[in-house]
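Novice: please find the sequence and the predicted model below.
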Amino acid sequence: MPLNIISVEVLQKFYTDLKQNGRLTNRDIYGSGVSDRLVEGCHFRIRSALAEAVEERLIPRNPAEECKLPQSARREKQVLTREELQRFLTQAKEEGYYELVLLELATGLRRGEILALKWSDLNPKTGELRVERQVYRTGGKLTVAPPKTKTSARSLLVPKALLDILIEMRSRATSEWMFPSPVKPDSPLDPASVRKRIQTILDHAGCRKLRFHDLRHTFATLSLEAGMDVKTLSAIIGHNSVSTTLNVYTHVTDTMRAQAAAAIDKAITGSTALIPAPEPEKPSAPFQPYKGLRRKPGTGCITQVSQNCYEGKYTPRLPNGTRYIKTVYASSREECEAKLAALIAQVKPEIDKLKRELKEGMETSKTVTL
């Protein structure tokens, strides 16, 4: 659009349409709209571009300055209950993710921060853990970069019990990364892979479906409930300011204020009417971790993408080292198994042919070279 016809109304309509109907791919999985964060990112980029246009006197004013982004209800923070925590940790140990999950629940690191940790960041004598980088995927590749903000670069103290676990884990380590990729030990774990594995562990543990970031919320909520002051928590989780922490965890601080008011009332009047009686904990049945079944080679793998979406993937390796990737989607695990089996049966002859052609080509090239 020409700069001179971009108005506040035009931008407002664009942001609203983007929020409600802006997704171009995977609409059947995630819906037609996009996240608030993406809308904000578009707004900031447009505002910056139009500010430059004002400086160059191409337009008299910046219409983006007067825009209001579409408001949506703040997503309620999801946290694990204490019973869910026990099941989740038990299942994580069964599936080889115990140390990563335990460290996350004890520190509240962002996903990119915890995956970018190196053994050199941990002082085994003092328990100090330095957060100096983050890892994320961009352009199909993993990128290691400085932390999100200046306050994100910080030092934490690891609890003694967890420190002992990490020291024992370090004695078996063969990579500089604390949580290396099982395929490429010289590279950290892929954030997308970790997200999927966490969902699988939650599913096997019978827990609610949460994001990895909700483990960070669980740490923060438990810390506040245990009496940690907000300023200390803000420094630990790497927020820019205490106000950000207060805004994010209003539901917890409201409860804390009510408890403080009740305690003051008790001290002054001796009344205990405002102090809620603690609910007795119900004994939980012993949890047996899900063992699972190891899939036979050549049968692909299945991952639960969302509550009603399963992804089946078949990725055989060709003689030249590349992966031949095929995927299917279904609304249930059983349907996905059937679709994946049909897909494998359909593409196997094609893959076998490719393998033969590549092998013959490689042998011919070797003969010519000799």
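Specialist: Right, received. Where do you want to start?
Novice: pull out the buried positions in stretch 49-60.
Specialist: Using 16 or more other C-beta atoms under 10 Å as the test for burial, stretch 49-60 gives 50, 53. No exception for glycine: its C-beta is placed from N, CA and C like everyone else's.
Novice: quick check, central residue of this protein?
Specialist: Centroid-nearest residue in the chain: residue 212, 4.0 Å away (criterion: C-alpha atoms, centre = their mean).
Novice: contacting residues for that one?
Specialist: Residues near residue 212 by C-beta atoms under 8 Å, 6 or more residues apart in numbering: 104, 111, 194-195, 198.
Novice: in CSV: those residues, plus neighbour count.
Specialist: Below are these laid out as CSV (neighbours: other C-beta atoms under 10 Å):
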residue, neighbour count
104, 23
111, 22
194, 20
195, 16
198, 23
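Novice: which of those fall within helices?
Specialist: 104, 111, 194-195, 198 (DSSP state H).
Novice: quick check, nearest of the residues you listed to residue 157?
Specialist: Closest approach to residue 157 among these (C-beta to C-beta): residue 104, at 15.6 Å.
Novice: and residue 352, how far from residue 358?
Specialist: The gap separating residue 352 from residue 358 is 11 Å, by C-beta to C-beta, to the nearest Å.
Novice: coming back round to it: farthest pair in the ones in helices among the contacts of residue 212?
Specialist: The most distant members of the ones in helices among the contacts of residue 212, if one measures by C-beta to C-beta, are 104 and 195, lying 12.5 Å apart.
Novice: ok, back up a step: who's more crowded, residue 352 and residue 358?
Specialist: For the pair residue 352 and residue 358, the greater number of neighbours falls to residue 358 (15 against 11), based on other C-beta atoms under 10 Å.
Novice: what is the neighbour count of the nearest residue to residue 134 once chain neighbours are set aside?
Specialist: Nearest residue to residue 134 in three dimensions, chain neighbours excluded: residue 112, at 3.7 Å (C-beta to C-beta, 6 or more residues apart in numbering). Residues lying near residue 112 (other C-beta under 10 Å) number 22.
Novice: residue 206 too?
Specialist: 13.
Novice: ok, it - contacts?
Specialist: By C-beta under 8 Å, 6+ apart, the contact set of residue 206 is 87, 287.
Novice: name the SS class of it, please.
Specialist: The three-state assignment at residue 206 reads coil, by DSSP: H, G, I helix; E, B strand; the rest coil.
Novice: could you check the pLDDT of it?
Specialist: Residue 206 is assigned 90 on the pLDDT scale.
Novice: also residue 264?
Specialist: Looking at residue 264, the pLDDT reads 71.
Novice: distance of it from residue 213?
Specialist: Taking C-beta to C-beta, one finds residue 264 at 35 Å from residue 213.
Novice: phi, psi for the residue nearest to the centre of the chain please.
Specialist: Residue 212 adopts backbone torsions of phi -60, psi -40, taken as degrees, to the nearest 10.
Novice: ok, for it, nearest residue in space, not its chain neighbours?
Specialist: The nearest residue in space to residue 212 (C-beta to C-beta, 6+ apart) is residue 111, at 4.7 Å.
Novice: what's the answer for residue 91, then?
Specialist: Leaving out its chain neighbours, the residue that sits closest to residue 91 by C-beta to C-beta, 6+ apart is residue 205, at 3.9 Å.
Novice: quick one: neighbours of the one you found, just the number.
Specialist: Counted with other C-beta under 10 Å, residue 205 comes out at 23.
Novice: and residue 232, how many neighbours does it have?
Specialist: Applying other C-beta under 10 Å, we find 12 residues neighbouring residue 232.
Novice: tell me how far it lies from residue 110.
Specialist: Using C-beta to C-beta, residue 232 is found at 18 Å from residue 110.
Novice: any buried residues in stretch 5-21, and which?
Specialist: By neighbour count on 16+ other C-beta under 10 Å, the buried set for stretch 5-21 is 6, 11-12, 14-15, 18-19.
Novice: please read the previous query as pertaining to stretch 204-219.
Specialist: For stretch 204-219, burial by neighbour count (16+ other C-beta under 10 Å) applies to 204-205, 207, 210, 212, 214-219.
Novice: need those residues in a markdown table (columns: distance to residue 252).
Specialist: Formatted as a markdown table, the buried residues of stretch 204-219 follow (distance: C-beta to C-beta, whole Å):
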| residue | distance to residue 252 |
| --- | --- |
| 204 | 28 |
| 205 | 24 |
| 207 | 20 |
| 210 | 17 |
| 212 | 20 |
| 214 | 14 |
| 215 | 16 |
| 216 | 13 |
| 217 | 10 |
| 218 | 11 |
| 219 | 12 |
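Novice: so which other helices or strands are in contact with the longest helix along the chain?
Specialist: The longest helix of the chain (DSSP H) is helix 333-369. Counting by 3 or more C-beta pairs under 8 Å, 6 or more residues apart in numbering; DSSP states H and E, the packing neighbours recorded for helix 333-369 are strand 301-306, strand 309-314, strand 326-330.
Novice: just put these in JSON lines and tack on mean pLDDT, distance to residue 118 and mean neighbour count.
Specialist: Formatted as JSON lines, the helices and strands packed on helix 333-369 follow (pLDDT from 0 to 100; distance: least, C-beta to C-beta, whole Å; neighbours: other C-beta atoms under 10 Å):
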{"stretch": "strand 301-306", "mean pLDDT": "76", "distance to residue 118": "28", "mean neighbour count": "16"}
{"stretch": "strand 309-314", "mean pLDDT": "84", "distance to residue 118": "30", "mean neighbour count": "20"}
{"stretch": "strand 326-330", "mean pLDDT": "88", "distance to residue 118": "33", "mean neighbour count": "17"}
